[in-house]
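Chemist: Pasting the sequence and the predicted model now:
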Amino acid sequence: MTTRPRVIALWSAPRSRSTAFLRMMMERGDLTTLHEPFSHRSDFGSTEVAGRTVTTEPDLIEAIRELALTAPVFFKDTTDFRFPGVLADPRFLAEVRHTFIIRRPDEVIASHYALDPEVTADGIGFGRLHELFEAVRTATGTTPAVVDSDDLLDDPAATVRLYCESVGLPFRADTLTWASGMREEWQKASKWHADAGRSGGFTRTERTYEFTVDNHPVLAEHHRRQKPYYDDLYRHRLPVHA
């Protein structure tokens, strides 16, 4: 089995089901979990790590390293922001087991726009996600694990089992369901995590949106710019059905 790392990261574009994945990891009980520490620092000016307030990316990276000395850490974060401190730290890129989760960009864009009509193409996040993926590949000389969230919904057990094998964690079937409810650490940005708060597992919920990439020219342009990054990440997805 792959050696178990001290820190595992899950990166995603917003609206890509990453919070549900984090909720599953919270069920394990053998990891200290952090919810969007880099995004919170960018959005609110600071974030908390084990009771410590940090205001810069280098300090946040160091706080995560220190926390990992006491217990393995899993954090998830989203690329509606760009994180130059992460990209500029080859040690952090190499020592953390960075992983990624993706969702079809037409779905991501419609869902994101419904919550934030001012979102830009860059804010959709696939370009930044791809930049980070390539930085990790360069720093490690290996290809990071990429979860296709459709696989996660269609076959949760197989997808999570393969993910766990890739990062050196034992698979726990009992973590695939959980008690629904809004977590305290989600409250600062609660509207973005309402779906995860209502969930009790990985289930597909069909949604319709007034504005989509098919009927809104701005969203169509977002899709044109962001889809090539998604397509390349999709090529590297975990082979759940190989």
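Modeler: Cool, the structure landed.
Chemist: where do the strands sit along the protein?
Modeler: 7-12, 32-35, 47-49, 52-54, 73-78, 97-102, 146-148 (DSSP state E).
Chemist: Packing partners of the fourth one?
Modeler: If I follow you right, that is strand 52-54. With contacts taken as 3 or more CB pairs under 8 Å, 6 or more residues apart in numbering; DSSP states H and E, strand 52-54 sits against strand 47-49, helix 57-68. Glycine gets a C-beta too; all of them are placed from N, C-alpha and C.
Chemist: Could you do the first one as well?
Modeler: Counting contacts by 3+ CB pairs under 8 Å, 6+ apart, strand 7-12 is packed against helix 18-26, helix 57-68, strand 73-78, strand 97-102, helix 126-140.
Chemist: and it, which strands flank it?
Modeler: strand 73-78 (parallel), strand 97-102 (parallel) (DSSP bridges).
Chemist: So which of the ones you listed has the densest surroundings on average?
Modeler: Among these, strand 97-102 has the highest mean neighbour count (mean count of other CB atoms under 10 Å), at a mean of 25.
Chemist: Thought R28 was touching L22, still the case?
Modeler: No: L22 is beyond contact range of R28, at 11.0 Å (criterion: CB atoms under 8 Å).
Chemist: The two: who's more crowded?
Modeler: More crowded of L22 and R28, by other CB atoms under 10 Å: L22, with 25 against 16.
Chemist: Quick check: which of the strands paired with strand 7-12 is nearest to P117?
Modeler: Nearest to P117 among those is strand 73-78; the distance by CB to CB comes to 18.1 Å.
Chemist: Please put the alpha-carbon coordinates of the closest one into CSV.
Modeler: Taking C-alpha atoms only, strand 73-78 is exported to CSV below (Å, rounded to 0.1, in the frame of the first residue of the first chain):
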residue,chain,number,x,y,z
VAL,A,73,-4.4,16.2,8.3
PHE,A,74,-6.9,16.3,5.5
PHE,A,75,-8.0,19.6,4.1
LYS,A,76,-10.1,20.5,1.1
ASP,A,77,-10.1,23.8,-0.7
THR,A,78,-11.5,25.5,-3.8
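Chemist: which residues are contacting that strand?
Modeler: For strand 73-78, the surrounding residues in contact (CB atoms under 8 Å, 6 or more residues apart in numbering) are 6-14, 16, 18-19, 21-22, 25, 31-39, 64, 67, 83, 125.
Chemist: I'd like to know which of those residues are buried.
Modeler: In those, burial by neighbour count holds for 6-14, 16, 18-19, 21-22, 25, 31-39, 64, 67, 83, 125, counting by 16 or more other CB atoms under 10 Å.
Chemist: Setting the sequence-adjacent residues aside, check what's closest to D116.
Modeler: G123 (7.6 Å; CB to CB, 6 or more residues apart in numbering).
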